[in-house]
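In: kindly return the folded structure for what I paste below:
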Amino acid sequence: MRYLLAMICAFSLSCASFTAASDVPAGSVKTFKGMASIVRQGGIVSAKSGEKIFKGDILRTGADGSLGVIFKDDSVLSLGPNSELVIDDFLFSPAEGKLSFVTRMLKGTAAYLSGMIGKLAPQSIRFETPVASVGIRGTRFLAKVEEVKESVK
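Out: A predicted model of the protein is given here:
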């Protein structure tokens, strides 16, 4: 009985930590083509229309893939083939003045069209790449990040 109780407690704690880390969706998949997936807490979820996107998710496309995401503030992000992007932060609570949208582009191409965060607090949007960090002050941009290959010494 004690073993069963310990197992139930451990399961409850692991479920609680999963929902606490990703309980509020930042947005959802609008469109996808070819190989497109979401890496979430070590697991891989195939992209499909309506699939929720959370802070901490890694959006990934294959050689034949593309992915379109709409965020809660009506921002739109599109990824081209062979792309990988991390949603490092997304906070959209205008009534509380809490606004943040931070992504980290690891490779590939991305197009971005700003939503309400861009209108209310443009300084709260940041797009990071391996060689630069871009503060978004306009309404849209396109970025291409070449995959960085480490040299062998």
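
In: in this structure, which spans are helices?
Out: Taking DSSP state H, the helices of the chain run over residues 2-21, 116-120.

In: and these, which one's lowest on average pLDDT?
Out: The weakest mean pLDDT among these belongs to helix 2-21, with a mean of 41.

In: out of everything not next to it in sequence, what's closest to Ser66?
Out: Distances taken as C-beta to C-beta, 6 or more residues apart in numbering place Lys33 nearest to Ser66, at 4.7 Å, with adjacent residues excluded. Yep, even glycine has a C-beta here, placed from its N, CA and C like the rest.

In: same deal with Met35?
Out: Gly62 (2.9 Å).

In: give me phi/psi at the one you found?
Out: With angles defined as degrees, to the nearest 10, Gly62 sits at phi -90, psi -170.

In: what residues are up against Lys98?
Out: Counting by C-beta atoms under 8 Å, 6 or more residues apart in numbering, Lys98 touches Leu91, Phe92.

In: and it, how far from Gly118?
Out: 15 Å (C-beta to C-beta, to the nearest Å).

In: quick one: contacts for Phe71?
Out: Counting by C-beta under 8 Å, 6+ apart, Phe71 has contacts Ala26, Gly27, Ile53, Leu77, Phe90, Phe92, Phe101, Gly115.

In: what's the PyMOL syntax to select whichever of the residues you listed are buried?
Out: Listed next is the PyMOL selection for buried residues among these, using 16 or more other C-beta atoms under 10 Å:
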select buried, resi 26+27+53+77+90+92+101+115
